[in-house]
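S.K.: here is a sequence together with a model predicted from it:
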Amino acid sequence: MLYLNGQFVNRQDATISALDRGVLFGDGIYEVIPVYSRKPFRLDEHLHRLDASLAAIGLPNPHSIEQWAALVLETIARQDFDDQSVYLHVTRGNAGERDFPFPADVAPTVMINSSRLVTPTPAQKAAGVKAISHGDFRWLRCDIKSLNLLPTVLLREAAKRAGCAEAVMFRDSWAFGLEAASNGAAQSAPQRYLSEGAASNIFVVKDGVLLAPPKSQLMLPGITYDLVIEIAEANQVPLEIRPISEAEVRSADELWMTSSTKEVLSIVMLDGEPVGDGKVGPMAQQLDTLYQAFKQQVMRGGD
Ligand code: PDD
């Protein structure tokens, strides 16, 4: 069963209009919330990010945080599996015509679906995964969790064709408001900086220090990113939050991707070159152990 515009319906009966602005323009917002043992993880944080994304595109939030929480819990209860991935989706609705500016008095389309949670396999966690790199050709408001996911589709397809799990993205320094680095050479190539993964945030480890790019309009403020930083700080892991150059990524000891469904997953190969020694590094193991312990304690009551 999924929730669509006020009611729970069978998936095969869940239809929306061909003229929905989500279909025509990708004019909407989404969220993905992991659920362990039927408990949504960091629900409040996800619902507040949904609210912030809706506000950023001028789409009034159709529900209060409490109403959303109740609907999410009801959606979870209606599934016959325990670990879930809950998908929230709000569009600017169906105005009956294809006209770009916001329509007046149109009800938003609201959908909540839940599927089985697929987290990395033990083999992937033990060996790490491979990634390609790519120029970040998305727009300049990647802090909004928008339904416009064509770049993500293209990037993940390119990664898949290369036998990789993710695309790690870089943008030119100007996008970050940074000067191009000068290495003394008059004609040096413009420096690029790490933004994020196609559907994840990216962390770097160098010389025992965890590096994270600062939040900006160029990346999604990841809920997992926040938790990894929280855990690192609580456990005295040396941490620097600052712009990370492409050169630093390419000479990293460790590279990780983080997301609600991938959790903390090591990237051990970038563009066919090993990251560090090409194995899952000690800091990734430490953070993952702490992350799993936190999850266990919060979500599964320590059992
Ligand atoms: N993606 N950056 C991007 C571009 C993302 O799409 C995601 C998540 C993240 C990580 O955010 P979080 O830790 O809050 O999941 C970062 C989800 C999982 C998706 O699109 O399926």
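M.R.: Received it, and whenever you're ready, just let me know what you need. Numbering: from 1, shown residues only.
S.K.: drop to CA atoms for contacts and neighbour counts, all remaining ones
M.R.: Fine.
S.K.: wait, what's in contact with the spatially most central residue of the chain?
M.R.: Taking CA atoms, centre = their mean, the centroid of the chain lies closest to Ser200, which sits 4.2 Å from it. By CA atoms under 8 Å, 6 or more residues apart in numbering, Ser200 lies in contact with Gly222, Met257, Thr258, Ser259.
S.K.: can you verify Ser195 is assigned to a strand?
M.R.: Yes. Under DSSP: H, G, I helix; E, B strand; the rest coil, Ser195 falls within a strand.
S.K.: any chance of the backbone angles for Ser245?
M.R.: phi -80, psi 160 (degrees, to the nearest 10).
S.K.: that one bridge partners, please.
M.R.: Tyr193 (DSSP bridges).
S.K.: is it true that it touches Tyr193?
M.R.: Yes. Counting by CA atoms under 8 Å, Ser245 does reach Tyr193; the two are 4.3 Å apart.
S.K.: these two: which has the busier surroundings?
M.R.: Tyr193 (25 against 19; other CA atoms under 10 Å).
S.K.: residues from the stretch 101-250 of the chain in reach of the ligand?
M.R.: Within the stretch 101-250 of the chain, the positions adjacent to the ligand are Ala198, Ala199, Ser200, Asn201, Leu220, Gly222, Ile223, Thr224, Tyr225 by CA under 6 Å from any ligand atom.
S.K.: show me what counts as buried in stretch 231-251.
M.R.: Ile231, Ala232, Val237, Glu240, Pro243, Ile244, Ser245, Glu246, Val249, Arg250 (16 or more other CA atoms under 10 Å).
S.K.: and that stretch, end to end?
M.R.: End-to-end distance for stretch 231-251, by CA to CA, to the nearest Å: 25 Å.
S.K.: so how far is it from its chain's centroid?
M.R.: 18 Å (CA atoms, centre = their mean, to the nearest Å).
S.K.: contact partners of that stretch?
M.R.: Applying CA under 8 Å, 6+ apart, the contact partners of stretch 231-251 are 170, 191-194, 204, 208-214, 255, 270, 275-276, 287, 290-291.
S.K.: which of these fall in helices?
M.R.: Counting by DSSP state H, these place Leu287, Leu290, Tyr291 in helices.
S.K.: can you redo the residues you listed as CSV with pLDDT?
M.R.: Output for those, formatted as CSV (pLDDT from 0 to 100):
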residue, pLDDT
Leu287, 98
Leu290, 97
Tyr291, 97
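S.K.: just give me the closest of those residues to Glu66.
M.R.: Checking the ones in helices among the contacts of stretch 231-251 against Glu66 with CA to CA, the nearest one is Tyr291 at 26.8 Å.
S.K.: the closest one: neighbour count?
M.R.: Each residue near Tyr291 was counted by other CA under 10 Å, and the total is 19.
S.K.: so where's the stretch 201-303 of the chain uncertain?
M.R.: For the stretch 201-303 of the chain, the stretches with pLDDT under 70 are 300-303.
S.K.: now with 50, please.
M.R.: 303 (pLDDT under 50).
S.K.: strands along the stretch 151-300 of the chain, start to end?
M.R.: With strands called from DSSP state E, counting those that start in this stretch, the stretch 151-300 of the chain shows them at 166-172, 192-197, 201-206, 209-212, 239-241, 254-259, 263-270, 273-274.
S.K.: the contacts of stretch 231-251, buried ones only, as a PyMOL selection?
M.R.: If you want just the buried ones from the contacts of stretch 231-251 in PyMOL, going by 16+ other CA under 10 Å, the selection is:
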select buried, resi 170+191+192+193+194+204+210+211+212+213+255+270+275+276+287+290+291
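S.K.: can you list the domains in this structure?
M.R.: 2-116, 122-300 (automatic domain parsing).
S.K.: and for the nearest residue to Tyr87 once chain neighbours are set aside, the neighbour number?
M.R.: With sequence-adjacent residues excluded and distances taken as CA to CA, 6 or more residues apart in numbering, Tyr87 is closest to Val32, at 4.7 Å. By other CA under 10 Å, 21 other residues sit near Val32.
S.K.: remind me what the helix or strand where Val32 lies packs against, helices and strands.
M.R.: Using DSSP states H and E, Val32 sits within strand 28-36. Applying 3 or more CA pairs under 8 Å, 6 or more residues apart in numbering; DSSP states H and E, we find strand 28-36 packed against helix 43-56, strand 84-91.
S.K.: any idea of the angle it forms with strand 84-91?
M.R.: Orientation check (axes from the mean of the first three to the mean of the last three CA atoms, to 10 degrees): strand 28-36 against strand 84-91 gives 170 degrees.
S.K.: residues in contact with the next helix-or-strand element following strand 28-36?
M.R.: Note on strand 28-36: by DSSP H and E, the next helix or strand toward the C-terminus is strand 39-40. For strand 39-40, the surrounding residues in contact (CA under 8 Å, 6+ apart) are Ile33, Pro34, Leu73, Met299.
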